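Q: pasting a predicted model and its sequence here:
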Amino acid sequence: MDHSDSIKSPSGPGEKKRKPIALSQHQLVREDFFSDAASLRLLKPAVEGVKLVDWVASNREHLEQELLRYGAILFRGFKVNAVDEFEQFMKSLAGELLDYSYRSTPRTQVSGRIYTSTEYPAHQSIPLHNEMSYTRQWPMILGFFCMEAPKEGGETPIADSRKVYGHIDSSIRDRFTQRKVRYVRNYDDGLDLAWQNVFQTENRADVEAFCVKAGIEFEWKNDQRLCTSETCQAVAEHPRTGEMVWFNQAHLFHVSSLEPEIRDSLVNSSGGAPPRNAFYGDGSLIEEVDLEQIRAAYEKETIVFQWQKRDILLLDNMLMAHGRRPYRGARKIVVGMGRPFSA
């Protein structure tokens, strides 16, 4: 008999106690795909007591490769119980996290550089988009942590930006690529975010300095109202994979994204200058029929999963777009962003 896997028990001769089995880091976690979604990796603990942050530290290179290949990883079943643990998880992958500056949607800072997900009313949807693709600087990595899952709805759908790019007619792609996208924003606390919220300052000089540095055109209107305009990329090449991705928010900023009655009300109440709109870089109008094809491309590639408490969704922000569906009941998802990239 081979006694290499057992030791004598001090309680008495003949009694044996098994040695604990030392599992490799790779054996501690099961890796699979979420349902039939070949673009969403699903990682679960294979044994009790796996500390996710420690496992990530030992498998960072492997996770990097998985994220570059698939664009999205869902961690499920790990005992991550607090925001600071999620922040530690994000830092272990992305280094120092980013502040949410030059904001597009309302958020609240929760702890450190972890923020609430967009605080739109529960009945509203948020179209699929890549974070901060309405600028020329954006985070490469996004992490979402589910602290409280909604009873109904509230999913964070995702879509592969490479495949979205491939679905869009080449004539539309070429037009957007050549002309780029111009985002025009009119800041008004009564209709959309105030400039103080967007730029996180009460000082007009700070806003102007930010705009000059970022190449954003700006104009102050009456009563300290601000209008900005910035021309950005419509498509982009991933800096590590070399793949082309659809990377803009024209379909989201354009007034056609609003319900007709809301759209008419906003245009009328703002004197013909809605809070946000999108044009081609030369100022010409974007055809709504083209935007509809773009939205259809996102819809075709949409992957949906139901949130569970303690889920963590990790995204490569260039490879994978995300959104939000309406929900009922409480929902608490927090977000961390890392690895700044500049076009």
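A: Arrived safely. Numbers count the residues shown, from 1 in each chain.

Q: from here on, just use CA atoms for contacts and neighbour counts.
A: Fine.

Q: what about whichever strand or helix holds Q178, distance to the chain center?
A: According to DSSP states H and E, Q178 maps onto helix 170-179. Centroid separation for helix 170-179 versus its chain: 25 Å, with CA atoms, centre = their mean, to the nearest Å.

Q: list the buried ones in that helix?
A: Neighbour counts over helix 170-179 (16 or more other CA atoms under 10 Å) mark R173, F176, T177, R179 as buried.

Q: which ones are touching the last one?
A: Taking CA atoms under 8 Å, 6 or more residues apart in numbering, we find R179 in contact with Y280, G281, D282.

Q: list the helices and strands the helix or strand hosting A159 packs on?
A: If you go by DSSP H and E, A159 is part of strand 158-160. Helices and strands touching strand 158-160, as assessed by 3 or more CA pairs under 8 Å, 6 or more residues apart in numbering; DSSP states H and E, comprise strand 320-324.

Q: the helix or strand just after the strand it packs on - which strands sit beside it in the sheet, and in what orientation?
A: Later in the chain than strand 320-324, the nearest helix or strand by DSSP H and E is strand 327-328. The pairing partners recorded for strand 327-328 under DSSP bridges are strand 152-153 (antiparallel).

Q: mean confidence for the strand it pairs with?
A: Mean pLDDT, strand 152-153: 96.

Q: can you redo the buried residues of helix 170-179 as CSV with distance to V29 and pLDDT?
A: Formatted as CSV, the buried residues of helix 170-179 follow (distance: CA to CA, whole Å; pLDDT from 0 to 100):
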residue, distance to V29, pLDDT
R173, 41, 98
F176, 43, 98
T177, 42, 98
R179, 46, 98
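
Q: possible to save the residues you listed as TSV with distance to V235?
A: Below are the buried residues of helix 170-179 laid out as TSV (distance: CA to CA, whole Å):
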residue	distance to V235
R173	8
F176	8
T177	6
R179	11
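
Q: ok so, going back, from the contacts of R179, list just the buried residues.
A: Buried members of the contacts of R179, scored by 16+ other CA under 10 Å, are Y280, G281.

Q: restricted to strands, list the contacts of R179.
A: Here DSSP state E is the test, and the contacts of R179 give Y280 as lying in strands.

Q: name the residues of stretch 158-172 that are buried.
A: Neighbour-count burial for stretch 158-172, counted by 16+ other CA under 10 Å, picks out I158, A159, D160, S161, R162, K163, V164, Y165, H167, I168.

Q: could you say what helices and strands whichever strand or helix holds the fifth one packs with?
A: Right, the one you point to is R162. Using DSSP H and E, the element containing R162 is helix 161-167. If you count contacts as 3+ CA pairs under 8 Å, 6+ apart, helix 161-167 packs onto strand 244-246, helix 288-300.

Q: tell me the mean pLDDT for it?
A: If you average the pLDDT over helix 161-167, you get 98.

Q: check stretch 49-56 too.
A: 93.

Q: show residues contacting that stretch.
A: Q25, L28, V29, L63, F78, K79, V80, E85, Q88, F89, S92, L93.

Q: and the last one, what does it touch?
A: Remark: with contacts taken as CA under 8 Å, 6+ apart, L93 is in contact with V56, A57, R60.

Q: how about residues contacting the strand holding A159?
A: With CA under 8 Å, 6+ apart as the test, strand 158-160 has contacts from 39, 71, 128, 298, 301-304, 319-323.

Q: over to stretch 120-133?
A: 104-106, 138-139, 154, 157-159, 247-249, 252, 298, 317-318, 320-328.

Q: thinking again about what came up before, quick one: which of the buried residues of helix 170-179 is nearest to A343?
A: T177 (14.1 Å; CA to CA).

Q: quick check: phi and psi at V334.
A: Here is the backbone geometry of V334 (degrees, to the nearest 10): phi -110, psi 160.

Q: that'll do, ta.
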